[in-house]
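Trainee: Quick one, what's the 3D model for this:
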Amino acid sequence: MLLDALKDFEWLNEPENVRFIENGMSVVSKSKTDFWQSKGHRFQKDDGHFFYCESKGDFRLMTKWRLDEPSDAFCQSGIMLRMDEKNWFKFSLMSENKAQAKLGSSLTIDGSSDWAVIDLPHPVTEIWYKLVRNEDDYIAYYSLDGVKYAQHRLFYLPSEQGKIKIGAYIASPQKANFEACLEILDLEA
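Mentor: Here you go, the predicted structure:
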């Protein structure tokens with residue numbers, strides 16, 4: 001973990017159980033936490049745990065999440081960028097059951113979240129993420145081995161104030177005590 005860079009990080013909705021370990025930090029998500037916005041269903045969740053720093057310009061952020069076992073019950077561990085509670089992007093492992101790993105992303109603009117998902121070929125206990133900003137264009141990548149990265153999504157999210165929050169997030173909409181280990185591998189801002 002880049003300890004020097006972490007001095008600029010802070011929590012939105014800090015979890016109750018965070019501890020530093022050899023290669024990062026172990027984070028336990030509270031139950032019934034999520035980031036999701038739906039105008040049509042009048043449903044807003046903004047209580048997931050987000051570990052972030054602020055960036056004004058272009059950046060590249062790389063993280064790794066490690067799980068003791070494949071996740072289920074829509075538990076999420078991933079990467080996020082955020083302007084405010086109504087404008088953000090999240091990208092994470094998010095599966096209904098342990099046998100079928102899924103990778104999901106959600107772009108939320110003006111309080112409405114979309115949803116994109118792909119099936120992964122096998123259960124996953126380690127995943128690497130990379131998020132790159134070039135002005136108001138973003139590219140989200142993932143890797144299952146930390147070497148070969150695949151592009152998952154290219155999107156546009158205008159930032160009127162220029163400053164955005166970038167980092168890692170964890171949430172557990174249904175399961176209690178979901179735990180994962182986070183490493184911030186690289187941050188070029």
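Trainee: Quick check: buried residues in the strand of greatest length in the chain?
Mentor: Selection of the longest strand in the chain by residue count, based on DSSP state E, yields strand 178-188. With burial defined by 16 or more other Cβ atoms under 10 Å, the residues of strand 178-188 counted as buried are Phe178, Glu179, Ala180, Cys181, Leu182, Glu183, Ile184, Leu185, Leu187. For the C-beta atoms, the positions are set from N, CA and C on the backbone; glycine is no exception.
Trainee: Just give me the closest of those to Arg60.
Mentor: Sorting the buried residues of strand 178-188 by distance to Arg60 puts Leu187 at the head of the list, at 7.5 Å, by Cβ to Cβ.
Trainee: Helix or strand, whichever it is, which one in this structure has the lowest mean pLDDT?
Mentor: helix 3-6 (a mean of 66; mean pLDDT, DSSP states H and E).
Trainee: what kind of secondary structure is the residue of the chain most remote from its centre in?
Mentor: Most distant from the centre of the chain: Gly40, at 24.1 Å, with distances by Cα atoms, centre = their mean. Using DSSP: H, G, I helix; E, B strand; the rest coil, the secondary structure recorded for Gly40 is coil.
Trainee: Go ahead and confirm Leu103 touches Tyr142.
Mentor: Yes: the criterion here is Cβ atoms under 8 Å, and Leu103 meets it with Tyr142 at 6.1 Å.
Trainee: The host helix or strand of Gln37: partners in the sheet, and parallel or antiparallel?
Mentor: If you go by DSSP states H and E, Gln37 is part of strand 35-38. Strands that pair with strand 35-38, judged by DSSP bridges, come out as strand 43-46 (antiparallel).
Trainee: How far does the next helix or strand after the strand it pairs with sit from its chain's centre?
Mentor: Next in sequence after strand 43-46, counting helices and strands by DSSP H and E, comes strand 49-55. Distance, stretch centre to chain centre, for strand 49-55: 10 Å (Cα atoms, centre = their mean, to the nearest Å).
Trainee: Same question for stretch 20-35.
Mentor: So, by Cα atoms, centre = their mean, the centroid of stretch 20-35 is 11 Å from its chain's centroid.
Trainee: Since that was my last question, I'll sign off now.
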